[in-house]
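J.: A predicted structure for the sequence below; I have some questions about it.
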Amino acid sequence: MGELLQQLNSEIASVVEEAGRSLVQVRSVRRGHGSGILCHPEGLIITNAHVIGNAAVEVTLADGRELSAKVLAEDSDLDLAALYVEANDLPAAKFGESRNLRPGHLVLALGHPWGVSGATTAGVIIGLGSGGQSDSRSKKEWLEVNLPLRPGNSGGPLIDVYGHVVGINTMVTGPNIGIAVPIHVVKAFLHQKLGAKEPVLV
């Protein structure tokens, strides 16, 4: 049992390390710090709309480079925003399939909570679909997860055990209950706003 757990720990750490190369920190003059994820080698980034606000945005890549970002599209209803930075050959994330998720599946959230760079928390999927009790969320699609999300996690990736992004973390509804936008919703957002089809997402 000990060897099995050791192997599991090693594999999860490797998955987090690989996914973390695509994690970025997003800074807005008015909204403070949040997170984002590189979804194309040529500088396309996904984050939350509430992270950027209506102000200048800067991004810090995992390698330490600080770049100005242009807002390409945003949707406050979905709480999604697409950013662009002038850089190439970036380590874009790999995307999974959120429709295959079930309650009990292990997931990990990457981000920069409370200023802790590249932090990771783990939990499980506990709800799918249009979860939530608020009328404003009743017709939206969400992933509900049993893991702690904190300020700075917003806009960061929710990944599965393979390191594939299955959601974008967006809000907290309880002490250890978080909400993420499913990646199939993110893909639809990119297609609608940018004309981006499947090949854009690695």
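T.: Nice, thanks for sending it over.
J.: switch to C-alpha atoms for all contacts and neighbour counts from now on
T.: OK.
J.: let me see the ranges of the helices in this structure.
T.: Secondary structure of the chain (DSSP state H): helices located at 2-20, 49-52, 183-194.
J.: show me where pLDDT drops low in this protein?
T.: 1, 30-31, 130-139, 196-202 (pLDDT under 70).
J.: break it down into its structural domains.
T.: Domain ranges of the chain: 18-92, 98-186, per automatic domain parsing.
J.: can you give me the end-to-end distance of the last one?
T.: When you say that, I think you mean domain 98-186. Taking Cα to Cα, to the nearest Å, domain 98-186 runs 10 Å from one end to the other.
J.: so which of the domains of the chain is nearest residue 194?
T.: domain 18-92 (7.6 Å; Cα to Cα).
J.: residue 50 and residue 82 touch, don't they?
T.: No: applying Cα atoms under 8 Å as the test, residue 50 and residue 82 come out as separate, 12.0 Å apart.
J.: okay, these two: which has more neighbours?
T.: In terms of neighbours (other Cα atoms under 10 Å), residue 82 is the more surrounded of residue 50 and residue 82; the figures are 26 against 21.
J.: strands of the chain, start to end?
T.: Here the chain has its strands, by DSSP state E, at 23-28, 32-38, 44-47, 57-60, 66-75, 80-84, 106-111, 119-129, 142-146, 157-159, 165-174, 177-182.
J.: which residue is nearest the centroid of this protein?
T.: Central residue of the chain (Cα atoms, centre = their mean): residue 157, 2.2 Å from the mean position.
J.: cool, thanks, signing off.
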